[in-house]
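>>> my questions are about this predicted structure, shown below with the sequence.
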Amino acid sequence: MDIKPALVKELRERTGAGMMECKKALVETKGDIDAAADYLRKAGAAKADKKSSRVAAEGRVAIRSDEKAGRHVVVEVNSETDFVAKDDNFRAFVEQLADVILTQRPANVEALLRSSVAGKTVEDLRLELVTKVGENISVRRFDVVESRGNVGTYVHGNRIGVVVDLEGGDAPFAKDIAMQIASLAPRYVAGEEVPKDIVDKEREIIQAQTAEEKKPPEILAKMVEGRLRKFLDEITLTGQMFVKDDKKRVRDVLAQHKAKVKGFRRYEVGEGIEKKAADFAKEVEAIAQGSQSR
């Protein structure tokens, strides 16, 4: 069947699929552009299913805020490579998801994927994106911070996103605290939030490290507690040294601004995802051996 280039171009603009894929879809559907679009969506779903086992540990973080409603969204979407994470189609998808979360308020990722956007579900859009970029795309997580307080947000390089909720202070100071969290990655706001089992385990490790030192028991006990305090300061926001003035701790600058941290969210692309280490030498060797065997 003779498929006109203009029809192929129209289908490509509509779906984002490659020229040859669009032409094949139109041939299969005898030139019916709507049926061809459905054909490509089904093909995309099949490709996405094949790619779903591949590790997606790169990607982007986006933040959206509705100041009037007091609602702030942070979302992470993953791709397989940093190259795709920088692609305009991928960037637009992530930003669109942030807007959907902000306006439609889905309860979780599963509900987000079922959310409707211009007659399609987010899952439909994800499958279309997989077809366009040729990689596994994973909508990993999102959080919504509801607050009428002083909320600071910060995105660093599209890879780290922070939303921090303050009581008191002002907008520039809230952003400073968000940048602090992005930079030094505290795990808790203050020492009293650190679970007892983590404190006990760290104390046990420090005691083992100091056991061989020839010092009186009371001195060793003070050393253990001193090192434990240092550990707690490192993992808590209020205990850290302030990045804009390393002579002060965050708790000191919070007191100066009459502010209190109510909570924060910090997302970093790929954190906690086990990445597959690529051995390119072995890959090349395997390809060469495969070529020789044919």
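In hand now; what should we look at?
>>> number of residues surrounding the residue lying closest to R114 once chain neighbours are set aside?
Spatial nearest neighbour of R114, chain neighbours left out: T121 (5.8 Å); criterion: Cβ to Cβ, 6 or more residues apart in numbering. Placement of C-beta: from N, CA and C, glycine included. For T121, the count of nearby residues is 14 (other Cβ atoms under 10 Å).
>>> which strand residues bridge V74?
Applying DSSP bridges to V74 yields these beta-bridge partners: I63, D143.
>>> mind listing what it touches?
Residues near V74 by Cβ atoms under 8 Å, 6 or more residues apart in numbering: V61, A62, I63, F142, D143, V145, T153, G161, V162, V163, R265, Y267.
>>> cool, and L129?
Going by Cβ under 8 Å, 6+ apart, L129 touches G16, N89, F90, F93, I137.
>>> SS state for it?
Secondary structure for L129, judged by DSSP: H, G, I helix; E, B strand; the rest coil, is helix.
>>> so how far is V144 from it?
As judged by Cβ to Cβ, to the nearest Å, L129 and V144 stand 23 Å apart.
>>> now do H156
From H156 across to V144, the span is 20 Å (Cβ to Cβ).
>>> now L228. Nearest residue, chain neighbours left out?
Of all residues not flanking L228 in the chain, R203 sits nearest, at 5.5 Å (Cβ to Cβ, 6+ apart).
>>> assign that neighbour to helix, strand or coil.
helix.
>>> hang on, the earlier thing: please say which of H156 and V144 ends up with more neighbours.
Higher neighbour count among H156 and V144: V144, with 17 against 14, using other Cβ under 10 Å.
>>> could you pull out the helices for the stretch 101-250 of the chain?
109-114, 122-133, 171-184, 196-210, 217-235, 250-256 (DSSP state H, counting those that start in this stretch).
>>> contacts only, for the residue nearest the centre of the chain.
Note on the chain: the residue nearest the mean C-alpha position is E76, at 3.0 Å, using Cα atoms, centre = their mean. When contacts are counted by Cβ under 8 Å, 6+ apart, E76 touches G59, R60, V61, R140, R141, F142, G161, Y267, V269.
>>> tell me how far it lies from A92.
Distance of E76 to A92, given as Cβ to Cβ: 16 Å.
>>> also I198?
Distance from I198 to A92, by Cβ to Cβ: 40 Å.
>>> got CSV for the contacts of V74, with neighbour count, pLDDT and distance to T81 too?
As requested, the contacts of V74 are arranged in CSV below (neighbours: other Cβ atoms under 10 Å; pLDDT from 0 to 100; distance: Cβ to Cβ, whole Å):
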residue, neighbour count, pLDDT, distance to T81
V61, 25, 97, 16
A62, 23, 97, 18
I63, 21, 97, 23
F142, 23, 97, 22
D143, 15, 97, 25
V145, 21, 96, 30
T153, 19, 97, 27
G161, 26, 97, 20
V162, 26, 98, 25
V163, 26, 98, 27
R265, 19, 97, 26
Y267, 22, 97, 19
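>>> circling back to that earlier point, hang on, the residue nearest to the centre of the chain in a helix?
No: E76 is assigned strand when assessed by three-state DSSP, not a helix.
>>> about what we covered before: any idea what the residue nearest to R114 is bridged to?
Note on T121: beta-bridge partners by DSSP bridges are S116.
>>> and if you look at S138?
Beta-bridge partners recorded for S138 (DSSP bridges): N78.
>>> what is the burial count for it?
Neighbour count for S138, taken as other Cβ under 10 Å: 21.
>>> and it, what is it in contact with?
Contacts of S138 by Cβ under 8 Å, 6+ apart are A56, G59, V77, N78, S79.
>>> any idea how far A221 is from it?
S138 is 48 Å from A221, by Cβ to Cβ.
>>> pLDDT weak spots in the stretch 151-294 of the chain?
275-294 (pLDDT under 70).
>>> can you check the stretch 1-150 of the chain too?
For the stretch 1-150 of the chain (pLDDT under 70), the answer is 15-18, 43-55.
>>> can you give me the strands for it?
For the stretch 1-150 of the chain, the strands defined by DSSP state E, counting those that start in this stretch cover 58-66, 71-79, 116-117, 120-121, 138-146, 150-156.
>>> any chance of the ones you listed in TSV, plus distance to K175?
Shown next, in TSV, are those (distance: least, Cβ to Cβ, whole Å):
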stretch	distance to K175
strand 58-66	12
strand 71-79	13
strand 116-117	30
strand 120-121	35
strand 138-146	15
strand 150-156	5
